[in-house]
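K.L.:
Test case, fold it:
(2 chains)
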2 protein chains.
Amino acid sequence: MRPWRTLARRVLLSRPPWMEVAEERIALPDGREVDAFLSIRTRDFAAIVAVTERDELVLIRSYKHGARTISLAVPAGYIEANEDPLAAAKRELLEETGHEARDWTPLGRFVVDGNYGVATENIFLARNARRIAEPASGDLEEMEILLVPLHDVMSLLLRGEVAQLSSAAALALAAVFLRDRDSRSPRVAST
Amino acid sequence: MRPWRTLARRVLLSRPPWMEVAEERIALPDGREVDAFLSIRTRDFAAIVAVTERDELVLIRSYKHGARTISLAVPAGYIEANEDPLAAAKRELLEETGHEARDWTPLGRFVVDGNYGVATENIFLARNARRIAEPASGDLEEMEILLVPLHDVMSLLLRGEVAQLSSAAALALAAVFLRDRDSRSPRVAST
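P.N.:
Numbering: from 1, shown residues only, chains lettered A, B, ... in the order given. Sure thing, here's the model as predicted:
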């Protein structure tokens, strides 16, 4: 199995630093050519599943215009130029929720759209999170911080309370990861 | 907490039926106005986590140009005009993998990008899937069908073998859903 090759690329819309839309002429492995395959670039971002020592998720309730609705989401934000994804995750968790965390685990990086690209989401699990400051996100959205029991993840998701794919993916990945860990080693009571 | 209001909308790029990019003038709840908030519309899609009677996932290995890599993904595809998402899921599972399934469960619908919109992913779990035909997707990509043990989901995801967020979200959601079910009721052997 071989990748496609980009023969030519033409920018259709440029809004730095937010978005670029282009069309590409593509060579498929079987020799066919595709004339105007669309490609979108927006900014990569980090998303954080933060869990407190009491096994509560640190979630944000806000209006998101892409979803046209008020819903629950994990803390997340754009990665600045030359910023490490983990550093961005720590910064966004602090800015958006006033929390820091001792234990960080990367849960993967995923391309938002398989055809158009759009951006890469970098997902982190932050354990032993605790509040150390007032939130000060600087974002356009009003935000409300909530603590939700970790074991309620699936019912939150099935009830439609999480509107964004980036948050649903992060929450479900963290839930699978934490249960795999629990099933590998006997659970030890916190001291 | 109140939603934003769109005061005006101007189309910047139109490529029917694939994509429309627009900018909107927005009124925030606090009275401020945002001048050129970008909005993307592409086609909504269905994604299917298909599990056989032997607890194997039906996955597709292919090159995806948005991710610029060959990776594993769940069967998925665009919903046609006036098509029901579940009908699209059944059609795509059959076209892409030659499988049909007896038991279908919706696992949620999620907006691909919280700021720009992009599309809505409709995720379905299809249990007791079985192969009844040759795959015939009609897509541009070469595809290879794989059966992977369900309990390997998290290691697949952590090893970076799933590049697309839409697939990672679907697989992790299905894994949490199935484990929640198993922990609620004692497992019954198939007859």
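
K.L.:
Please make it C-alpha for all contacts and neighbour counts, starting now.
P.N.:
OK.

K.L.:
Can you check what angle separates the helix or strand of chain A with the lowest mean pLDDT from helix B:165-184?
P.N.:
Scoring the helices and strands of chain A by mean pLDDT, DSSP states H and E places helix A:165-184 at the bottom, with a mean of 90. Counting by axes from the mean of the first three to the mean of the last three C-alpha atoms, to 10 degrees, helix A:165-184 lies at 40 degrees to helix B:165-184.

K.L.:
Contacts made by helix A:165-184 with the rest, please.
P.N.:
With C-alpha atoms under 8 Å, 6 or more residues apart in numbering or on different chains as the test, helix A:165-184 has contacts from A:47-49, A:73-74, A:107, A:121, A:123-125, A:150, A:153-154, A:157, A:162, B:110-114, B:121, B:154, B:165-166, B:168-170, B:172-173, B:175-176.

K.L.:
dump the residue contacts of residue A:56.
P.N.:
So residue A:56 contacts A:147, A:148, A:149, A:150 (C-alpha under 8 Å, 6+ apart).

K.L.:
So the third one versus chain B, what's the distance?
P.N.:
In this view, residue A:149 and chain B are 15 Å apart by C-alpha to the nearest C-alpha, to the nearest Å.

K.L.:
ok so, going back, what residues sit buried inside the least confident helix or strand of chain A?
P.N.:
For helix A:165-184, burial by neighbour count (16 or more other C-alpha atoms under 10 Å in any protein chain shown) applies to A:165-177.

K.L.:
Turn these into TSV, columns for distance to residue A:86.
P.N.:
What follows is the buried residues of helix A:165-184, written out as TSV (distance: C-alpha to C-alpha, whole Å):
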residue	distance to residue A:86
A:165	20
A:166	16
A:167	17
A:168	20
A:169	18
A:170	15
A:171	17
A:172	20
A:173	17
A:174	16
A:175	20
A:176	21
A:177	18
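
K.L.:
chain center to stretch A:10-21: distance?
P.N.:
22 Å (C-alpha atoms, centre = their mean, to the nearest Å).

K.L.:
buried set for it?
P.N.:
When burial is assessed from 16+ other C-alpha under 10 Å, stretch A:10-21 yields the following buried residues: A:20, A:21.

K.L.:
Same question for stretch A:73-82.
P.N.:
Applying 16+ other C-alpha under 10 Å to stretch A:73-82 flags A:73, A:74, A:75, A:76, A:77, A:78, A:79 as buried.

K.L.:
Strands - which of the contacts of residue A:56 land there?
P.N.:
Among those, the ones falling in strands (DSSP state E) are A:147, A:148, A:149.

K.L.:
So which residues of chain A form strands?
P.N.:
If DSSP E is used as the criterion, the strands of chain A fall at A:5-15, A:19-27, A:33-41, A:45-52, A:56-64, A:69-73, A:76-78, A:99-113, A:117-131, A:143-149.

K.L.:
Nearest approach to residue B:85 belongs to which of the ones you listed?
P.N.:
strand A:99-113 (18.4 Å; C-alpha to C-alpha).

K.L.:
Roughly how far does the residue most central in space within chain A sit from residue B:12?
P.N.:
Nearest to the mean C-alpha position of chain A, counting by C-alpha atoms, centre = their mean, stands residue A:47 at 3.5 Å. For residue A:47, the distance to residue B:12 equals 29 Å [C-alpha to C-alpha, to the nearest Å].

K.L.:
go on, residue A:170?
P.N.:
With C-alpha to C-alpha as the criterion, residue A:170 and residue B:12 are 32 Å apart.

K.L.:
and the residue of chain A most remote from its centre, what pLDDT?
P.N.:
Relative to the mean C-alpha coordinate of chain A, counting by C-alpha atoms, centre = their mean, the farthest residue is residue A:31 (36.5 Å). Residue A:31 is assigned a predicted lDDT (pLDDT) of 92.

K.L.:
got the contact list for it?
P.N.:
Applying C-alpha under 8 Å, 6+ apart, no residues contact residue A:31.

K.L.:
can I see the domain layout of chain A?
P.N.:
By the assignment in automatic domain parsing, chain A contains the domains A:5-41, A:45-184.

K.L.:
now the last one, how far from the chain's geometric center?
P.N.:
Averaged C-alpha coordinates place domain A:45-184 at 6 Å from its chain's average position (C-alpha atoms, centre = their mean).

K.L.:
and the contacts of residue A:56, which two are the farthest apart?
P.N.:
So, the contacts of residue A:56 by C-alpha to C-alpha: farthest apart are A:147 and A:150, at 9.0 Å.

K.L.:
Need the overlap of contacts for those two.
P.N.:
Shared contacts of residue A:147 and residue A:150, counting by C-alpha under 8 Å, 6+ apart, come down to A:56, A:57.

K.L.:
what about those two, which has more around it?
P.N.:
residue A:150 (19 against 15; other C-alpha atoms under 10 Å in any protein chain shown).

K.L.:
surely that one meets residue A:57?
P.N.:
Yes - applying C-alpha atoms under 8 Å, one finds residue A:150 in contact with residue A:57, separated by 5.6 Å.

K.L.:
Now do the shared contacts for these two.
P.N.:
residue A:51.

K.L.:
so what's residue A:25 up against?
P.N.:
By C-alpha under 8 Å, 6+ apart, the neighbours of residue A:25 are A:6, A:7, A:8, A:9, A:33, A:34, A:35, A:36, A:37.

K.L.:
Tell me the buried residues within the residues you listed.
P.N.:
Buried residues within those, counting neighbours by 16+ other C-alpha under 10 Å: A:6, A:37.

K.L.:
and the two most separated of the contacts of residue A:25?
P.N.:
A:9 and A:33 (13.5 Å).

K.L.:
Excluding residues flanking it in the chain, which one is nearest residue A:112?
P.N.:
In space, residue A:112 comes closest to residue B:165 once its chain neighbours are excluded; the distance is 5.2 Å by C-alpha to C-alpha, 6 or more residues apart in numbering or on different chains.

K.L.:
Would you check that residue A:133 makes contact with residue A:93?
P.N.:
No - taking contacts as C-alpha under 8 Å, residue A:133 lies outside contact range of residue A:93: 10.8 Å.
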